[in-house]
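Engineer: no sequence on this one, just coordinates:
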């Protein structure tokens, strides 16, 4: 299972699963797969489609692991001090604001403005995977910068989901979820985690997820809350155990399901939504992250700053939106199949373009360091 911890393997599995999903959706088996995606099991408590069980259920585990990583970075990593967090934080903000503005400049009419969050995300697994493939000779702090940037980017994405994609909150389930999360955190701080303790934590986690889902807030937020609440030593063990499962099963399944879209045909099939995302992710991220990081290093007078060429390579990889951008797309165009399809194709295309741009820049920098 250790090979599934590899960033390179994770990136290849993500890309492969998305390619298979897109391919199968446009073959004779496509209609059956799309029907299965929208089928409802009809469970009494939560009546979700099969596709939503993936985006709302399985993806909560991914966000749980992202929150655990965020907490570790805040406690003892690249974000543990204000000075060390300044550059990736400002870079992340630039990498959110500029792509959103680029998107709105292209797709601001016809009700498309609501898609501005789609190109603001960076996929940790995919971006680090590309860097691992081509940047072997880069300094370790380049990877650390990209990781910190992506973690902060995910935090911003979580806040966007919580504030912009939540409607009609039911207060009672949300209030009931709070003590469950607290109990989860308290139990994780108790004696060493055995089988009974692990089962108890799993039951509390599922309970918190159900309550958050019933409250009207996107249930991936439950994963974030649980990850931040869990004690450090236990969280590292749990993350170590779940990482292969997330890389090898959860993210590929999500990529496969999200890519189940039928390619549009005919003139004008791809409109401003597609071109806005295709421009905003690779180009907007490249500009926003580079300017933000460069300004933060100059204003903060960072000792031994990261070279501009390395910053540009990091910024190029920051345009790989993939997982979180696909989720944003699902949330932005819920119930609008045509826009969801167009947005999905745009995210896939833009992420591949960003991976090529960022990968090429990182490879050139790596070659320069090797020389």
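Structural biologist: Done, it's in. The structure presented is a predicted model; accordingly, all values stated were derived computationally and were not measured.
Engineer: Let me see the mean pLDDT of the strand or helix carrying residue 201.
Structural biologist: Taking DSSP states H and E as the criterion, residue 201 maps to helix 195-215. In this model, helix 195-215 has a mean pLDDT of 92.
Engineer: name the helices or strands packed onto it?
Structural biologist: Here helix 195-215 touches helix 171-188, helix 220-229, going by 3 or more CB pairs under 8 Å, 6 or more residues apart in numbering; DSSP states H and E. Heads up, the C-betas are built off the backbone N, CA and C, glycines and all.
Engineer: rerun at 10 Å
Structural biologist: Contact here means 3 or more CB pairs under 10 Å, 6 or more residues apart in numbering; DSSP states H and E; on that basis helix 195-215 packs against helix 59-76, helix 171-188, helix 220-229, helix 232-245.
Engineer: And for residue 265, the neighbour number?
Structural biologist: Residue 265 has 6 neighbours, counted by other CB atoms under 10 Å.
Engineer: circling back: name the residues of the helix holding residue 201 that are buried.
Structural biologist: By neighbour count with 16 or more other CB atoms under 10 Å, helix 195-215 contains the buried residues 200-201, 204-205, 207-215.
Engineer: ok, residue 298 - contacts?
Structural biologist: residue 305 (CB atoms under 10 Å, 6 or more residues apart in numbering).
Engineer: which secondary structure element contains it?
Structural biologist: Going by DSSP H and E, residue 298 is part of helix 285-299.
Engineer: In contact with the nearest residue to residue 78 once chain neighbours are set aside, which residues are there?
Structural biologist: Once flanking residues are discounted, residue 78 sits nearest to residue 148: 3.9 Å by CB to CB, 6 or more residues apart in numbering. Counting by CB under 10 Å, 6+ apart, residue 148 touches 70, 73, 77-79, 84-85, 87-89, 91-92, 141.
Engineer: Quick check: the two most widely separated of those residues?
Structural biologist: Spatial extent of these (CB to CB) is set by the pair 70 and 141 at 18.8 Å.
Engineer: Could you check which of these two is surrounded by more residues?
Structural biologist: Each of residue 70 and residue 141 has its neighbours counted (other CB under 10 Å); residue 70 has more, 22 against 13.
Engineer: Next, work out how far apart residue 138 and residue 365 are.
Structural biologist: Between residue 138 and residue 365 the computed distance is 6 Å (CB to CB, to the nearest Å).
Engineer: Report the set of residues contacting both of the two.
Structural biologist: 310, 313-314.
Engineer: Closest one of the residues you listed to residue 231?
Structural biologist: Among the shared contacts of residue 138 and residue 365, and counting by CB to CB, the member closest to residue 231 is residue 314, at 31.7 Å.
Engineer: gap between that closest one and residue 18?
Structural biologist: 23 Å.
Engineer: Check residue 302 too.
Structural biologist: 37 Å.
Engineer: Check which residues of the helix holding residue 298 are buried.
Structural biologist: The neighbour-count check on helix 285-299 (16+ other CB under 10 Å) flags 285-294, 296-297 as buried.
Engineer: wait, which of these is closest to residue 352?
Structural biologist: Using CB to CB, residue 285 comes nearest to residue 352 of these, at 13.8 Å.
Engineer: how about that closest one, what does it touch?
Structural biologist: The contact partners of residue 285, by CB under 10 Å, 6+ apart, come to 91, 94-96, 98-99, 102, 119-122, 153, 315-321, 350, 354, 357-358.
Engineer: Please state the offset of stretch 285-302 from the chain centre?
Structural biologist: Centroid separation between stretch 285-302 and its chain, computed with CA atoms, centre = their mean, to the nearest Å, is 22 Å.
Engineer: can you give me the mean pLDDT across it?
Structural biologist: 92.
Engineer: One more: stretch 40-53?
Structural biologist: 80.
Engineer: Give the buried residues for it.
Structural biologist: Applying 16+ other CB under 10 Å to stretch 40-53 flags 48, 51-53 as buried.
Engineer: And for that stretch, what's in contact with it?
Structural biologist: Contacts with stretch 40-53, where a contact means CB under 10 Å, 6+ apart, come from 34-39, 54-57, 59, 209-210, 213-214, 219, 254, 257-258, 260, 330, 334.
Engineer: From those residues, which land in helices?
Structural biologist: 34-38, 59, 209-210, 213-214, 254, 257-258, 330 (DSSP state H).
Engineer: Now the buried members of these.
Structural biologist: The neighbour count (16+ other CB under 10 Å) marks 34, 37, 59, 209-210, 213-214, 254, 257-258, 330 as buried among the ones in helices among the contacts of stretch 40-53.
Engineer: With distance to residue 234 as new columns, can the residues you listed be given to me in TSV?
Structural biologist: Output for these, formatted as TSV (distance: CB to CB, whole Å):
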residue	distance to residue 234
34	40
37	35
59	22
209	18
210	22
213	24
214	27
254	26
257	31
258	31
330	31
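Engineer: and which of these is nearest residue 22?
Structural biologist: Looking across those and measuring by CB to CB, the closest to residue 22 is residue 258, at 9.6 Å.
Engineer: Test my guess that the closest one contacts residue 351.
Structural biologist: No: here residue 258 does not reach residue 351: they are 11.5 Å apart, not a contact under CB atoms under 10 Å.
Engineer: what is in contact with those two at once?
Structural biologist: Counting by CB under 10 Å, 6+ apart, the common neighbours of residue 258 and residue 351 are 18, 322-323, 325-326.
Engineer: Now for those residues: which two are most distant?
Structural biologist: Every pair of the shared contacts of residue 258 and residue 351 checked by CB to CB; the farthest is 18 and 325, at 11.8 Å.
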